[in-house]
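Participant: only geometry, no sequence info:
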C-alpha cells in the first residue's frame, strides 16, 4: 500500500526573522502586469523624493586642533584611524568611531605640509616648512581604545628626524616598498634607514607642491609644480619621463586605484582634469562645478568616485567619468577646505578645513547607518535599480539633481555660467563672419594644456 503525504516546511511560507508573517508569492508574467512600467515609475519618483527627505550627510566634527588643518593621511591597516596635521605643527591620530584624539605627535616647528603612512601602517612620515622629515611610531590599534580624555596617548619622540636644506610641501609613501618621496625645491626619494635622499629628480627650478606614487607600479610617481606643470617620474630612470604645462597651477593629484594608468588633477581654475598617463596631450574628462580653486582630491578605494575640497568652502563627490558632481556638502561654519579623504571602506568622507575642524560625512547622503536586515537591503537595492532605470525622465532627473547651495556659491555659479555663455556667443559670431575653416575651436580637454614635453 502506498501513502502519499504532503510535506510543507514553515520556512517556505513565512518571511525571514518572523513566525507569523506570510510570504507573498507574485507572478511576474508581463501579460498579467499591464501597469508594470507606470507602477515602477511612481516608485522611482517616490524613491527619489525619499532620498531628499532622508539626506543627512553630516555625521559630526572632530575638534582639537588650534590652527587650520593642512593635510591628512589614512592608515592602510586600520579602518577607523586617520592622521591630521595643522599649520601650527600639531599632528593627531583620530578615532573616527568615537571622533576623539587617540594620540599626538609633537615636534614640528612650522606648518605640517605632508603626512603619509607606510605600507604596513606602523610608521607615520611627516614633513613641513621647518625643513624636516620626521618618522613616527604608530600605536597598535588594540592599544588605541581609551575611556576618557585624560588617557590621550603621546607619540613622544620620533623614530628619526632628517633635516634638509629647504622646506617640504608634500610627501607620499610607496604602496608596496620602503621608499617615500618628498616634494619641495626638488623631488627627493628617501629610505626609512637613510638620513640622506637615495635619489633626487629636478626638471626646472620651480617648487614641487604635491607628489603621489602610482598604486599599481611602485616605481612610477606623479608631481605637480608651481610652474603649472604635471610631471611623471620613473625611479628606474635617471631623468623624468613626461611633463605637461597647463594654463593654471595644479594643487593636488590622485591616482585611480582600480585603473592605475589614470590620474585626476585638482586645478586652480576650479576644474579637475582626468588624464591617461600614456596619452597626456588631452584630458580624458573635465570635472566642473566648483566656483573656486580645488585644493585637494582623493579617490574612493572602489575607483568609481573621487572627493574634492575647494577654496569655495564646499566638498563635492564626482563620478570618475562624470563631468558634474553628484553631491555637494557644506555647513555654515565650514571654511576653506584644504584636505579631503575617502575612508578605506568607501563609506565615509573626511574633510579638514581652515576653521581647525575635521568633519565626517557619509559618502551617500541618505544611506541608512547601522545593520540592515536582509529584506531592508533588498528593498534599498530594488529602489536604487528603479531610480537608475528611470533617471532620464524629466521629473525624476530634476529631483535627483536638485541641491540647495549657499547663496555665495549660487551667485558665483550663475556668474560663471553667464561668462561662459557670453564667450561661446562671441566665438560663434566671430566664426560666422570669418572665412570657412579659418577658426578652429579646441575642446576644453585640450584647451587647458599649453604644451607637452617629452
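Facilitator: Arrived safely, thanks for sending. Quantities reported herein were computed from a predicted structural model and do not represent experimental measurements.
Participant: shouldn't residue 216 be in contact with residue 258?
Facilitator: No - using CB atoms under 8 Å, residue 216 makes no contact with residue 258, being 9.4 Å away. Where you see a C-beta, it was placed from the backbone N, CA and C, and this is true even at glycine.
Participant: now the helices for the protein?
Facilitator: 36-53, 374-389, 394-401, 407-432, 444-447 (DSSP state H).
Participant: Name the stretch from these where average model confidence is lowest.
Facilitator: The minimum mean pLDDT among those belongs to helix 444-447 (a mean of 81).
Participant: Show residues contacting it.
Facilitator: 273, 281-286 (CB atoms under 8 Å, 6 or more residues apart in numbering).
Participant: Ramachandran angles for residue 336?
Facilitator: Per-residue torsions, residue 336: phi -60, psi 130 (degrees, to the nearest 10).
Participant: can you pull the pLDDT of it?
Facilitator: Residue 336 is given a pLDDT of 95.
Participant: likewise the one 4 residues further on?
Facilitator: What the model reports for residue 340 is a pLDDT of 97.
Participant: Could you count how many residues lie near the closest residue in space to residue 372 that isn't next to it in sequence?
Facilitator: Closest residue to residue 372 apart from its sequence neighbours, by CB to CB, 6 or more residues apart in numbering: residue 380 at 7.3 Å. Using other CB atoms under 10 Å, residue 380 has 15 neighbouring residues.
Participant: Over to residue 211?
Facilitator: When neighbours are counted by other CB under 10 Å, residue 211 comes out with 28.
Participant: Next, the contact list for it, please.
Facilitator: Applying CB under 8 Å, 6+ apart, the residues contacting residue 211 are 170-172, 181-183, 187, 221-223, 253.
Participant: who's in contact with the closest residue to it other than its chain neighbours?
Facilitator: The shortest distance from residue 211 to any non-neighbouring residue, by CB to CB, 6+ apart, is to residue 183 (4.3 Å). For residue 183, the contacting residues are 114, 168-171, 207-211, 223, by CB under 8 Å, 6+ apart.
Participant: Ok, residue 223 next?
Facilitator: Residue 223 neighbours (CB under 8 Å, 6+ apart): 183, 187, 208, 210-212, 230-231, 233, 253.
Participant: Can you lay out the residues you listed as CSV showing pLDDT and distance to residue 293?
Facilitator: Below are the contacts of residue 223 laid out as CSV (pLDDT from 0 to 100; distance: CB to CB, whole Å):
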residue, pLDDT, distance to residue 293
183, 94, 18
187, 93, 23
208, 92, 18
210, 94, 13
211, 95, 19
212, 96, 18
230, 93, 16
231, 93, 20
233, 92, 25
253, 96, 15
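Participant: follow-up on the earlier one: which one of the helices of the chain lies nearest to residue 335?
Facilitator: helix 407-432 (12.4 Å; CB to CB).
Participant: Any buried residues in the closest one, and which?
Facilitator: 409, 412-413 (16 or more other CB atoms under 10 Å).
Participant: possible to save those residues as CSV with distance to residue 343?
Facilitator: Below are the buried residues of helix 407-432 laid out as CSV (distance: CB to CB, whole Å):
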residue, distance to residue 343
409, 25
412, 30
413, 29
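Participant: which of those residues lies closest to residue 40?
Facilitator: residue 413 (33.7 Å).
Participant: Could you find the closest non-adjacent residue to that closest one?
Facilitator: Nearest non-adjacent residue to residue 413 (CB to CB, 6+ apart): residue 291, at 5.5 Å.
Participant: Domain parsing of the chain, as residue ranges.
Facilitator: Residue ranges for the domains of the chain, per automatic domain parsing: 32-54+375-397, 58-367.
Participant: highest average neighbour count across those?
Facilitator: For the domains of the chain, average neighbour numbers computed from mean count of other CB atoms under 10 Å are highest in domain 58-367, which has a mean of 19.
Participant: now that one: how far from the chain's centre is it?
Facilitator: When distances are taken as CA atoms, centre = their mean, to the nearest Å, domain 58-367 is centred 10 Å away from the chain's centroid.
Participant: Begin at 889, not 1, for the rest of this chat.
Facilitator: In the new numbering, first residue 889, that becomes domain 946-1255.
Participant: Check the separation of the first and last residues in that domain.
Facilitator: One end of domain 946-1255 to the other measures 11 Å (CA to CA, to the nearest Å).
Participant: what's the distance between residue 1062 and residue 1069?
Facilitator: 8 Å (CB to CB, to the nearest Å).
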